[in-house]
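> Generate coordinates for the sequence data below:
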Amino acid sequence: MLRNASLTAMMTGVLLTTTATVAVAGVKTTSTSTAPDLQPGSYKKYLVLARIKDESVKRILEDTVVAKLKAAKTDAVAAYTVLVPEDLASSEAIHAKAEQLGVDAGLVFTVITDETQQKANPTVSAGVGVPVRVGPFSVFLGTSVPIGGGGTSTVRTVQLKSELVAREGTNPRWTATYTTDLKGGAEGTAEDIAKQAIKQLKKAHVLK
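This next block holds a predicted model:
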């Protein structure tokens, strides 16, 4: 049975940070935090919830995390397969649903920021009659002539957090934040986030 405080955390999110940086493909873990009284391997069944508006991305992420948890011999269920909007209408509603499902912990993924920036591309120049020398301290003699590059490119950075909420102790029990450039596409990015989450949960001894 999840406490109301836990369920409120599941709905609203609390970001705790302890600096760490780990990278897998296009996803980086930028911070983690673990409750000091957390007991290793305490939770038997997880409800995985991705609070993402895009339904297809939400399902991909939830399914991928559930698959990774089950591969780690931990029972889990994707929220989209068992919850309806009414179940998330209040802390009491999710409380009752969690009890019905036999869930003793929730793993919640939330998008914190989604930023798009314009990044200037460098222009490569060559001195007339002089071979091209590319590098930060290249010296060109004669007249510089652009031979490529220039303009701008779009750089997208998305920051997410994952939180573990449970029925015992101060919540959230564990948190992690990630950044991604989404270059791996929805499935590739979901796979990388899931790998990072499982790796950090094991490192924190949440999972055995």
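> which stretches of the chain have low pLDDT?
1-25, 118-153, 167-170 (pLDDT under 70).
> what about the strands in it?
Listed in chain order, the strands of the chain (DSSP state E) span 19-24, 27-34, 45-51, 75-78, 105-120, 123-127, 144-149, 152-166, 174-180.
> would CSV of the ones you listed with distance to residue 96 be doable?
Any C-beta I mention is one placed from the backbone N, CA and C, and that applies to glycine too. Shown next, in CSV, are those (distance: least, CB to CB, whole Å):
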stretch, distance to residue 96
strand 19-24, 36
strand 27-34, 28
strand 45-51, 13
strand 75-78, 16
strand 105-120, 14
strand 123-127, 62
strand 144-149, 59
strand 152-166, 16
strand 174-180, 24
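> just so I know, which of the ones you listed lies nearest residue 61?
strand 45-51 (4.3 Å; CB to CB).
> Kindly format the C-alpha coordinates of the closest one as PDB.
C-alpha atoms of strand 45-51 as PDB (Å, rounded to 0.1, in the frame of the first residue of the first chain):
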ATOM      1  CA  LYS A  45       6.600  -5.300  -8.100                       C
ATOM      2  CA  TYR A  46       7.000  -2.000  -9.900                       C
ATOM      3  CA  LEU A  47       4.500   0.200 -11.600                       C
ATOM      4  CA  VAL A  48       6.400   1.900 -14.400                       C
ATOM      5  CA  LEU A  49       4.900   5.300 -15.400                       C
ATOM      6  CA  ALA A  50       6.200   7.600 -18.200                       C
ATOM      7  CA  ARG A  51       4.600  11.000 -17.900                       C
END
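> List the contacts of it.
Here strand 45-51 makes contact (CB atoms under 8 Å, 6 or more residues apart in numbering) with 10, 57-58, 61-62, 65-66, 69, 74-79, 82-83, 98, 101-111.
> Same list (the strands of the chain) but as TSV, adding distance to residue 208 and mean neighbour count.
Converted to TSV, the strands of the chain look like this (distance: least, CB to CB, whole Å; neighbours: other CB atoms under 10 Å):
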stretch	distance to residue 208	mean neighbour count
strand 19-24	20	13
strand 27-34	15	20
strand 45-51	14	23
strand 75-78	13	19
strand 105-120	14	15
strand 123-127	53	16
strand 144-149	51	11
strand 152-166	15	18
strand 174-180	14	24
